[in-house]
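Colleague: sequence unavailable; structure follows:
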């Protein structure tokens, strides 16, 4: 029995035939607002798009989506691969470019890259590269060896060892492989302020992850003014697309799973640090590297690496760097000219930023005039688009589902 439980052809042509094998498009794994950004980027250029998701996908309602299907499970690697081949046969998607939107999808594509490459274009690098981005233990080991600052981190195998870290409180309890933790808790990390919180939350993390994947990390103080990222399309030792951002707001407020308000800036030090890391692993493709500025020692410390598109990647197109389109063009052998995002361009996801802003106001971490200015002058909204309104309407309609299913 197949894994594609229902499908959709282009909204204007319910009887569309199979795509011509000469017409190359994109298969987007994950149809949330992140996948929607990819679909719009490519669809505006007339590139056909197929959306596969195992949750409610607002992208399937986009005017730029050619095909879509609900997949039973995009968390199991074998089922991911099977679903891709079923979609390839159903719609003749030979040589289409695959875009993952979640970390477990990156891992699956990496592990089965050779098998998939017989039928698809797979920009995701091999596991020998991805292992340095998917597991923070490897990420921090490499970063430390090449002089990129990271937070102080400890690995504890037993609750009895926690006593040696009590003088380091407050501490952050986080997973080495984040998707294992996020699907169980809907957060990226926990904060432990006291000895009792440290013990209690360590034991909870132990039940979810086991001892090997638990990391205890120093807490770097500060909010949105200290949260940065470097985004790139990287190829053959250089970034062809550059974008550096200040991630002003995120949700949840502490250890946010996703940014809610982002602005492009100039910060050359992040470009230098990030390119050093990417050259070291000979990376290819789209990448986001997250940093936090530590005021204590005046360093930018690497927190996370996302080897895929990221939530606010649609900011790039407005700032002059359309990352999804650059990757697609390169996959088809076209020349990709280097581009750099212009500073001062702002992105917001209102459905999450409004409650986040209210919390910031309540905690007096943000003034009402300042918040109003950001809402009044933003350049890109993650979902709402007057030329493609249905996804935004559907997101409002299913917002209770999105909250209870995955906390947005």
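Modeller: Happy to help now that I have it. The model shown is predicted, which means the values in this text are computed figures rather than measured ones.
Colleague: where are the low-confidence patches of this structure?
Modeller: Scanning the chain for pLDDT under 70 picks out 1-22, 404-408.
Colleague: which strand runs longest in it?
Modeller: The residue-count maximum for a strand in the chain (DSSP state E) belongs to strand 238-251.
Colleague: just list what the following helix or strand past it packs against, helices and strands only.
Modeller: Next helix or strand after strand 238-251 toward the C-terminus (DSSP states H and E): strand 258-265. Applying 3 or more C-beta pairs under 8 Å, 6 or more residues apart in numbering; DSSP states H and E, we find strand 258-265 packed against strand 227-235, strand 238-251, helix 314-319, strand 346-348, helix 350-362. No exception for glycine: its C-beta is placed from N, CA and C like everyone else's.
Colleague: between these, which one is nearest to residue 299?
Modeller: Residue 299 lies closest, by C-beta to C-beta, to one member of the helices and strands packed on strand 258-265: strand 227-235, at 11.7 Å.
Colleague: residue 130 contacts residue 124, doesn't it?
Modeller: Yes. Using C-beta atoms under 8 Å, residue 130 is in contact with residue 124, at 7.0 Å.
Colleague: hey, what's in contact with both of these two?
Modeller: Counting by C-beta atoms under 8 Å, 6 or more residues apart in numbering, the residues touching both residue 130 and residue 124 are 106, 110, 307.
Colleague: my read: the first one touches residue 131, true?
Modeller: Put plainly, it is residue 106. No. Between residue 106 and residue 131 there is no contact under C-beta under 8 Å: 11.0 Å.
Colleague: and the contacts of stretch 347-367?
Modeller: Outside stretch 347-367, the residues within contact range by C-beta under 8 Å, 6+ apart are 33, 223, 249-251, 253, 258-263, 311-312, 314-315, 318, 368, 371, 374-375, 378-384, 395-396, 399, 408.
Colleague: next one: that stretch to chain centre, how far?
Modeller: Centroid displacement of stretch 347-367 relative to its chain, using C-alpha atoms, centre = their mean, to the nearest Å, is 21 Å.
Colleague: so for that stretch, what gets flagged as buried?
Modeller: Applying a neighbour-count criterion of 16 or more other C-beta atoms under 10 Å, one finds 347-353, 356-357, 360, 366 buried in stretch 347-367.
Colleague: equivalent analysis for stretch 102-120, please.
Modeller: Taking 16+ other C-beta under 10 Å as the criterion, stretch 102-120 shows 102-113, 116, 119-120 as buried.
Colleague: before we move on, what about stretch 391-407?
Modeller: By neighbour count with 16+ other C-beta under 10 Å, stretch 391-407 contains the buried residues 391-392, 394-395, 402.
Colleague: show the contacting residues for the residue minimising distance to the centre of the chain.
Modeller: Closest residue to the average C-alpha location of the chain: residue 310 at 3.2 Å, with C-alpha atoms, centre = their mean. Taking C-beta under 8 Å, 6+ apart, we find residue 310 in contact with 34, 229, 231, 288.
Colleague: and for residue 60?
Modeller: Shown in contact with residue 60 (C-beta under 8 Å, 6+ apart): 8, 31, 51, 53, 68.
Colleague: among the residues you listed, which are located in helices?
Modeller: Using DSSP state H to define helices, no part of those is located there.
Colleague: sweet, I'm off.
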